[in-house]
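Engineer: Okay, sequence plus prediction incoming.
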Amino acid sequence: MSQILLFESVSKTYNLGIGKKRLPVLFDVSFSVNKGEVFGFVGPNGAGKSTTIKLILNLIFPDKGRIELFGKHPGNVEIKRKIGYLPEIPYYYDYLTPYELAWFSGKVAGLDDVNIKKKAEHLFGYFLFEPHTTKKIKELSKGNAQKAGIIATLIHDPEFLILDEPMTGLDPIGRKLVGDMILKFKNEGKTIFLTSHILSDVERFCDTIAIIFEGKIKLLESKEALLKTGNSLEDIFCDVIGLKEVK
Amino acid sequence: MLKLREKLIWLLIIILLPLNFFFLETSRINKPHLKEEKLFLPEPFLKIFAGEFNGIIADFLIINLSSYYGGIIMEKNEAVEREFDYMYKVLKAASTLDPYYFDTYYFTQTIIGWDARKPEMAIELLKIGTEKRAKDWLLPYWIGFDYYYFLKNKKLAAHYFKEAASRPGATDLLVSMTAIAGYEGGETEMAILFLEDAITRADDEFKRRKFLTRLDALKKILFLEKAVKAYEAKYRKKPEHLQELVIKNIITKIPRDPYGGEFYIDNDGKIKTTSNLRFVRKK
Amino acid sequence: MLSRVYPFIKITVLDGIRNRIVIGVIALSIISCLANIVITNLAAQDVGKVAIDFELSTFSIMGLFVILFACGNSLYRDIDKKTVSLAISRAISRKEYILGRFVGYLVTLIFVSFISTIIGLITLYLIKFLHPKHFEQTFGTVILAHLFAFIGFSMLLTVLILFSSLTTSSYTAILLTIMIYFIGNSIGELRDFAESLASVVAGFPESFKVMLRIVHFIVPDLGKFDLKVFAANVLPVDISFIVFSIAYAVVYCMILLLLSMKAFEKREFI
């Protein structure tokens, strides 16, 4: 199975409740992510990045078009074991400890307790995090909470990582760790789909870059092809979304 | 494959719905009417506990009282002492919680005053109402009536009638009241007027029937009283037995007491009935 | 499927038990235990009735608080703060989410109810010890009353879950659940009252009776599970009543959970 994710002419409009307006967010979006690829999804706020991720996770349903995840419908529960999702806003189960969150994630993915313990200790160590802290997640700092979330995302060794603004709220050490982790994943042949504002990060990690603006894909190119143009990613980005130079 | 599972859920729901109905109906019970009402209403704390909900709680108490008494009447027509005591406690609590609530006093008069024959207790509560409900003429009227009819205290009766007459909306009823209060032997007519007024106020069939029965009895008593007066005018003495009225052709027959008792004339010459205006108790 | 639901149930229980509300509720139990002792000192005659009434009332309030504020808070975080995506994005189907949450909350309720019942029974024993002459009641029916109250909680819980799966704000769900709580407690008596009235009063509108029957069918009959009168006066409770009532509760909960699953399937999490 080489094609991990497929979006084919997907459109989505939000219904904002009874009597309120309908808000169109995605128009005829098409792209695909292959195995081993690191796919970067870039765009200004409100462009439709979060919506796309929610469609992948089956949190919302497309109005038109087709989505395939590992060749199956995104609603398929079994394939979710192969996915690791890191949300942008770190709201977690406040009253759990980081270990319990990781345990939950691992168990649901089908790991047994012994395995989870091993992997957890490894991951907690890697992120310089105390594994047996009894502090609940709500008592942790934002950065630490984010780390706890990341550990829970990786505990079951997913084949496909979906990262929504993964560097949010992390200090430089955290950023280094996450960055190295992404590269490690890439080397192991795993597939990553990430959204980010930070163009330098996108440039650093991604093989393929898509720029989305106002619900439409404006650009979909491999990194090589983009860099061959000689322009920086930032310039290309501003060009695509029509932002004029500040003189 | 997916479609089948979806339909399965709906199927399951459809099967469960009639089961729900079945079990709901078969598990209906009537919560027992407690024969001994040991209600605990700690007087000093009542208003404190109620807080801002004093009004609603008073409402609840009265509504419950109404259905409680209704149940008793349906079951055995008359309440016993203990049950009257309980109802009085409830009414007292209701008047403490919300002294402006009319229904409390309505039930006080009809249940405690009339049915329980405890006019003093009724008056005690009605006085609270009279004071708080300053524009209400009914309450002082009821107090006056109780003094006149039950307690034979014409002086206090007159006082309260006067108070009632001074309040807005007082009907001509009170004029007649005051007039009747003036002369001897006017109790029955007073009571008839009171009942006729009460019947117009009665909002359900139950109460209406009760009042009508009593009205019927009283009218018959009045009828007999007038007959006795006619006899007395003719023979210068009261008859010893009511039969004499029939024998002397003043009336054609002795009317039947709707409560199941028998009318008779007592040693003072007053018309009474063996039922005492209460239904002969069912065993 | 069980292997996926079990971890979710477990974290729901952990989340629930550690919620501050639960600690608060247990503290409430203890405070009301003391209050009960004080108040029964004022009661004149039937100390037993007052004590049992008070204890069972506190138990009911405790259950209500746990459902509205502990479970409600958890659902608030799920719906409003979107932590539901943590479960749904993992290998948990939407149906399993509903089931997992329900069982998790139920276990939390069992935990709190158990502790509260123990505290309550200790209180009653204590009061009985202090007022032996005026406390004739035995505690068999009291325990039954606790069990039935708990069953009532379970039904109300499924109501909360159903509303949560339908509305976009947990605030609305909680308000609606409170409303159903009040309606559910009075609908049984209301229907009885109307039916007895109808047999006496001529011209009683049939449509009104029918309407009450429909409401009675839809809304959980919580009044049925209020055995305070039986407990406080040690009145006998029919076995058939117990069996049919429990069957009713089970069927009702199943219906509501199935409906919740259905509603949740179609739900989008914006």
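Structural biologist: Yep, it's here.

Engineer: would you list every one of the helices in chain A?
Structural biologist: Remark: helices assigned in chain A by DSSP state H are A:49-56, A:98-109, A:113-126, A:142-154, A:172-187, A:199-205, A:223-228, A:233-241.

Engineer: and chain B, which of those is closest to it?
Structural biologist: For those, proximity to chain B was assessed by C-beta to the nearest C-beta; helix A:49-56 is nearest, at 18.6 Å. For glycine as for every other residue, the C-beta is placed from the backbone atoms N, C-alpha and C.

Engineer: average pLDDT for the closest one?
Structural biologist: Averaging the model's pLDDT scores along helix A:49-56 yields 91.

Engineer: Can you spell out which helices and strands pack onto it?
Structural biologist: Helices and strands touching helix A:49-56, by 3 or more C-beta pairs under 8 Å, 6 or more residues apart in numbering or on different chains; DSSP states H and E, are strand A:3-15, strand A:22-34, strand A:38-42, strand A:64-69, strand A:160-164, strand A:191-196.

Engineer: any idea which of these is most buried?
Structural biologist: Highest mean neighbour count among the helices and strands packed on helix A:49-56 (mean count of other C-beta atoms under 10 Å in any protein chain shown): strand A:38-42, with a mean of 25.

Engineer: May I have the strands that pair with that strand, each with its orientation?
Structural biologist: strand A:191-196 (parallel), strand A:208-213 (parallel) (DSSP bridges).

Engineer: Which residues does that strand contact?
Structural biologist: Identification of contacts with strand A:38-42 by C-beta atoms under 8 Å, 6 or more residues apart in numbering or on different chains yields A:5, A:31, A:33, A:49, A:52, A:182, A:186, A:191-197, A:199, A:202, A:205-212, A:237.

Engineer: Put the alpha carbons of that strand into CSV.
Structural biologist: In CSV, the C-alpha atoms belonging to strand A:38-42 read as follows (Å, rounded to 0.1, in the frame of the first residue of the first chain):
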residue,chain,number,x,y,z
VAL,A,38,6.6,14.2,4.6
PHE,A,39,3.8,16.3,3.3
GLY,A,40,3.7,20.0,4.4
PHE,A,41,0.4,21.8,4.4
VAL,A,42,0.8,25.6,4.6
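
Engineer: how far off helix A:172-187 does that strand point, in degrees?
Structural biologist: Angle of strand A:38-42 versus helix A:172-187, following axes from the mean of the first three to the mean of the last three C-alpha atoms, to 10 degrees, is 130 degrees.

Engineer: Chain A contacts on the stretch 1-150 of chain C?
Structural biologist: C:3-4, C:6-8, C:10-11, C:14-15, C:18-19, C:77, C:81-83, C:85-86, C:88-93, C:96 (C-beta under 8 Å from any C-beta of the partner chain).

Engineer: Could I have the buried ones of these as ChimeraX selection syntax?
Structural biologist: A single ChimeraX command selects the buried members of the residues of the stretch 1-150 of chain C next to chain A (16 or more other C-beta atoms under 10 Å in any protein chain shown):
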select /C:4,7,8,10,11,14,15,18,19,77,82,83,85,86,88,89,90,91,92,93,96
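
Engineer: Would you mark the buried spots in stretch B:251-259?
Structural biologist: For stretch B:251-259, by 16+ other C-beta under 10 Å, it's B:251, B:254-255, B:257-259.

Engineer: hang on, the earlier thing: so which of the helices and strands packed on helix A:49-56 comes closest to residue C:247?
Structural biologist: Nearest to residue C:247 among those is strand A:3-15; the distance by C-beta to C-beta comes to 40.1 Å.

Engineer: Which other helices and strands does that closest one contact?
Structural biologist: If contacts are counted by 3+ C-beta pairs under 8 Å, 6+ apart, strand A:3-15 sits against strand A:22-34, helix A:49-56, strand A:64-69, strand A:191-196.

Engineer: Quick one: residues in contact with it.
Structural biologist: Contacts of strand A:3-15 (C-beta under 8 Å, 6+ apart): A:22-35, A:37, A:39, A:51-52, A:55-56, A:60, A:62-71, A:159-160, A:191, A:193, C:270.

Engineer: Can you list the strands that it pairs with?
Structural biologist: Checking strand A:3-15 against DSSP bridges gives partners strand A:22-34 (antiparallel), strand A:64-69 (antiparallel).

Engineer: could I get the ones you listed as CSV with mean pLDDT?
Structural biologist: What follows is those, written out as CSV (pLDDT from 0 to 100):
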stretch, mean pLDDT
strand A:22-34, 90
strand A:64-69, 92
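
Engineer: Reformat the ones you listed as CSV; add distance to residue A:141.
Structural biologist: Listed next are the strands paired with strand A:3-15 as CSV, based on distance: least, C-beta to C-beta, whole Å:
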stretch, distance to residue A:141
strand A:22-34, 33
strand A:64-69, 34
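
Engineer: Go through those and name the closest to residue B:118.
Structural biologist: Counting by C-beta to C-beta, residue B:118 lies closest to strand A:22-34 out of the strands paired with strand A:3-15; the figure is 71.0 Å.

Engineer: Kindly export that closest one (C-alpha atoms) in PDB.
Structural biologist: Extracted in PDB, the C-alpha atoms of strand A:22-34 (Å, rounded to 0.1, in the frame of the first residue of the first chain):
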ATOM      1  CA  ARG A  22     -23.500  28.300   5.700                       C
ATOM      2  CA  LEU A  23     -19.800  28.700   5.600                       C
ATOM      3  CA  PRO A  24     -17.900  27.100   2.700                       C
ATOM      4  CA  VAL A  25     -14.400  26.200   3.700                       C
ATOM      5  CA  LEU A  26     -13.000  23.800   1.100                       C
ATOM      6  CA  PHE A  27     -13.400  23.800  -2.700                       C
ATOM      7  CA  ASP A  28     -12.400  20.900  -4.800                       C
ATOM      8  CA  VAL A  29      -9.300  20.000  -2.900                       C
ATOM      9  CA  SER A  30      -7.200  17.200  -4.300                       C
ATOM     10  CA  PHE A  31      -3.900  15.800  -3.300                       C
ATOM     11  CA  SER A  32      -2.300  12.500  -2.200                       C
ATOM     12  CA  VAL A  33       0.400  11.500   0.300                       C
ATOM     13  CA  ASN A  34       2.600   8.500  -0.400                       C
END
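
Engineer: and the helix or strand containing residue C:110, what other elements does it pack with?
Structural biologist: In this assignment (DSSP states H and E), residue C:110 forms part of helix C:94-130. Packed against helix C:94-130, as judged by 3+ C-beta pairs under 8 Å, 6+ apart, are the following elements: helix C:2-17, helix C:20-42, helix C:47-65, helix C:72-79, helix C:84-88, helix C:140-166, helix C:239-265.

Engineer: Now with 7 Å, please.
Structural biologist: helix C:2-17, helix C:20-42, helix C:47-65, helix C:84-88, helix C:140-166, helix C:239-265 (3 or more C-beta pairs under 7 Å, 6 or more residues apart in numbering or on different chains; DSSP states H and E).

Engineer: ok, and the closest non-adjacent residue to the residue nearest the centre of chain A?
Structural biologist: For chain A, residue A:163 is the residue whose C-alpha lies nearest the centre (C-alpha atoms, centre = their mean; 1.8 Å). Nearest in space to residue A:163, with sequence neighbours left out and distances taken as C-beta to C-beta, 6 or more residues apart in numbering or on different chains, is residue A:194 at 4.1 Å.

Engineer: How far does stretch A:214-231 stretch from one end to the other?
Structural biologist: 23 Å (C-alpha to C-alpha, to the nearest Å).

Engineer: Tell me how far it lies from the chain's centre.
Structural biologist: 19 Å (C-alpha atoms, centre = their mean, to the nearest Å).
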